[in-house]
Every structure is written in structure tokens, then in C-alpha cells.
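Asks: give me a model of this one.
(4 chains)
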2 protein chains.
Amino acid sequence: MTSHDHLAELHEQAADRLHGDGQRYTPQRRLLVGLLAELDQPVTIPQLLEHQPDLAQSSAYRNLAVLERAGVVHRIVTTDEFARYELTEDLTQHHHHHLICESCGDVSDFTVPHQVEADLEAAVAKVARRTGFTVTDHRFDLVGTCARCSA
Amino acid sequence: MTSHDHLAELHEQAADRLHGDGQRYTPQRRLLVGLLAELDQPVTIPQLLEHQPDLAQSSAYRNLAVLERAGVVHRIVTTDEFARYELTEDLTQHHHHHLICESCGDVSDFTVPHQVEADLEAAVAKVARRTGFTVTDHRFDLVGTCARCSA
DNA sequence: ATTTATGCAAATCGTTTGCAAACCT
DNA sequence: AGGTTTGCAAACGATTTGCATAAAT
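Replies: You can find the predicted model right below:
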């Protein structure tokens, strides 16, 4: 499967989810999805606008909110003042976690061994049972200093 | 050891850390530390002001920032618009994680079995080695709906 | 034609900051 | 006195919203 096919499939899935939510897959929404796929790491809205200066800021906020409600993008809040957006895990095919750099604010992805992930899941299930909390998502993020900033 | 002793020790440790950072342990800072100890869960500044309406909002923000720099409190950002504050783990003696309710915004603590925590630590160390990232903190939080909200 | 999306500018709201009075030491 | 902390009100800045225009169906 070529990268082009991947992209085509991604857009198709995005369109499906938006339509399922009664929304259109407009050119600008398609553009945002394409950008997020290309950048392949959680990005802020200012970063998106840098790549695409002709996007209106308010429309970017609005469309990312629409995409989030439809389950196409995921919004993450770290430690700084900007929210970051990335494609949802089930569109990118891999469950991952985040390395959050407190110095430059950058966020990158990492994965843990399958066994560790399975243990985490088991612990989550137990906590849920014990507390009556309904878990929809878990986050296992590392906070610190990235290689570039500590150099 | 009585709860009174606990509190006295807490204040002593807080004072030490502030002094080590060249700061004073003023009555208002002591009040904030006492409140956080009493509430025993991450709270927003509006919540703190509810409990202590005579606190000036700006001073609360400023003093919590001072306490954070001195390592007495920890600031956490969840999914809503408010930052939350709690005493740092080494002052409360137990490593814990957070249950974040997307419905009411409430944050409560939970712990996982020691073995799971150890596996996590090992995975963290491996990722750090592989990526050159210096890890100062990890967060393992569950996002979902609390028992009260799903009732 | 009617509904939905877009872009601009203005509003919102948690948080930060300037400044003068109160408080240490 | 000299430096710090406090409280008020004003400023800040990321995000949201009102409204008029432009697409889309």
C-alpha cells in the first residue's frame, strides 16, 4: 500500500466520521486533516497557521472543534498555554503516548512494549471497577527535557 | 503520629523549601498549604477562593506560583479551562495518578499496584535511554466519567 | 432558496501584571 | 529605612462568538 493510498483512506475515514456526525468534509477540513497527517505530531494552532498562513484563525479553531466532535482529531493539553491537535489513534493505527518537553513545549510520540500496555489496561480495569469511574481514555505521558533542549 | 503532627511537619517542610528558594513562608502561603492538605485533591483557584473568600485572587495565583517554584505544590492541567493545584507527592508521601471526569471536571486520585508502577518505571527508563529525553515526571491519568456524573 | 462555512473583528475569561499601601526585619 | 507581600484594577492572550459574505446542496 502506497503512502498515497494511506492518505486517500484517511480522508475517506475522516469524511465518513464527519458525515456520521451530520457534518461536511469541506476543503478546509480536508486541508487540516492532511496537515496533521503530514506533520505527524501534536501541533498547536499557531504552528498550523505557520504552515498555512491563509487559514483564518477562527475557522481553524472551529474546524478542529468539529473534527474533534466527529472523532477525527484529538485535542491534548500539556503544561503550556497552547492546546495541541493530532489525528485520533484509530485513524493512525497506533496507540502511543507523549513526551512533553517543558523547555520548548514540543510534544512527540512514543510507544511502550505491548506487555506493559496490557498491564496498564488491567490496572485501569481494576481501578474502574473499584471506583465506579467509566474510563474513556488513558494518558501516560512523560514530562521533561527533550534531547535537543538538553544539548 | 497524630494528624496534628502531620500538619506541623508539612508546614515545616513547606517552610524549608520556600526558604531554600529564598522565599518567606507567609501566613497566606501557610493558609494555602493548609487548605490543599485539607482538601486532599487537586483543586482550582476558584474552588480555593470559595473556601477562603477573603483571599485576593491575584495573590492566590502569585503564591501558588511561588509554592510551585519551591516544589511545594504541583500544578496540573487537565482537559478543561482551569489549572488545578495539589501538594507535591513527596510532601504527601504517596505517588498517585488522576481520574479526570470530563463531565464535571473533578479530579481525584488513585494508585496502581506496586508491580505495575515498577513496570512503568522500567518502560520509562528505556524510552529515556532510546530517545535522549530527560524525564522529570510521568503522568498516568484516566479520563472518563465519574461515578457521580454517570449515575 | 435555504442551510452551512468562512473570515473579520470584537468579546470572553483564566491568568498575569503595575502600582500603591501594608508588612516584615 | 529597605525589601517583600498584598489587593485592587487594568492588561494579556488563547480561544470563542456575532455577524455579514460566500459556498454548497
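Asks: going forward, measure contacts and count neighbours with C-alpha atoms only.
Replies: Noted.
Asks: tell me the pLDDT at residue A:2?
Replies: If you check residue A:2, the pLDDT there is 67.
Asks: let me know the outermost residue of chain A.
Replies: residue A:130 (29.4 Å; CA atoms, centre = their mean).
Asks: show me what contacts that residue?
Replies: By CA atoms under 8 Å, 6 or more residues apart in numbering or on different chains, the contact set of residue A:130 is empty.
Asks: how close does it get to residue A:55?
Replies: Separation of residue A:130 from residue A:55 (CA to CA, to the nearest Å): 47 Å.
Asks: quick one: stretch A:48-68 near chain B?
Replies: No: on the criterion CA under 8 Å from any CA of the partner chain, stretch A:48-68 is out of touch with chain B, staying 13.2 Å away.
Asks: quick check: residues of chain A near DNA strand C?
Replies: Proximity of chain A to DNA strand C, by CA under 7 Å from any atom of the strand, involves residues A:23, A:24, A:26, A:27, A:28, A:29, A:54, A:55, A:56, A:58, A:59, A:63.
Asks: closest one of these to DNA strand D?
Replies: Set against DNA strand D, the nearest of those by CA to the nearest atom of the strand is residue A:58 (4.2 Å).
Asks: helix, strand or coil: sort out that closest one for me.
Replies: Under DSSP: H, G, I helix; E, B strand; the rest coil, residue A:58 falls in the helix class.
Asks: retrieve the pLDDT associated with it.
Replies: As predicted, residue A:58 sits at a pLDDT of 97.
Asks: same question, the one 3 residues further on
Replies: Note for residue A:61: predicted pLDDT of 98.
Asks: please report how far it lies from residue A:28.
Replies: 12 Å.
Asks: what is the most widely separated pair among the residues of chain A next to DNA strand C?
Replies: The most widely separated members of the residues of chain A next to DNA strand C are A:23 and A:54, with 22.7 Å between them, by CA to CA.
Asks: when those two are compared, which one has more neighbours?
Replies: Ranked by neighbour count (other CA atoms under 10 Å in any protein chain shown), residue A:23 and residue A:54 place residue A:23 first, with 14 against 8.
Asks: what's the distance between residue A:46 and residue A:53?
Replies: The gap separating residue A:46 from residue A:53 is 9 Å, by CA to CA.
Asks: again with residue A:68
Replies: Counting by CA to CA - residue A:68 and residue A:53 are separated by 22 Å.
Asks: then residue A:125?
Replies: Relative to residue A:53, and taking CA to CA, residue A:125 is found at 44 Å.
Asks: and those two? which has more neighbours close in?
Replies: Neighbours were counted for residue A:125 and for residue A:53 using other CA under 10 Å; residue A:125 has more, 14 against 11.
Asks: quick one: which helix or strand includes that one?
Replies: In this assignment (DSSP states H and E), residue A:125 forms part of helix A:114-131.
Asks: let me know the angle separating that helix from helix B:114-131.
Replies: Compare the direction of helix A:114-131 with that of helix B:114-131 by axes from the mean of the first three to the mean of the last three CA atoms, to 10 degrees and you get 140 degrees.
Asks: what's the following helix or strand after helix A:114-131?
Replies: Under the assignment DSSP H and E, the closest C-terminal helix or strand after helix A:114-131 is strand A:134-145.
Asks: now that following strand, how far from the chain's geometric center?
Replies: Distance, stretch centre to chain centre, for strand A:134-145: 13 Å (CA atoms, centre = their mean, to the nearest Å).
Asks: before we move on, what about stretch A:68-87?
Replies: Its chain's average C-alpha position is 6 Å from that of stretch A:68-87, according to CA atoms, centre = their mean.
Asks: now swap in stretch A:9-25 and tell me
Replies: Worked out by CA atoms, centre = their mean, stretch A:9-25 lies 16 Å from the chain centre.
Asks: cool, and stretch A:42-61?
Replies: Taking CA atoms, centre = their mean, one finds stretch A:42-61 lying 15 Å from the centre of the chain it belongs to.
Asks: check which residues of it are buried.
Replies: Across stretch A:42-61, burial judged by 16 or more other CA atoms under 10 Å in any protein chain shown covers A:42, A:43, A:44, A:45, A:48, A:60.
Asks: return the subset of the residues you listed lying in strands.
Replies: A:43, A:44 (DSSP state E).
Asks: could you pull out the residues contacting both of residue A:61 and residue A:28?
Replies: In contact with both residue A:61 and residue A:28: no residue, using CA under 8 Å, 6+ apart.
Asks: circling back: of the buried residues of stretch A:42-61, closest to DNA strand D?
Replies: Of the buried residues of stretch A:42-61, the one sitting nearest to DNA strand D (CA to the nearest atom of the strand) turns out to be residue A:45, at 5.8 Å.
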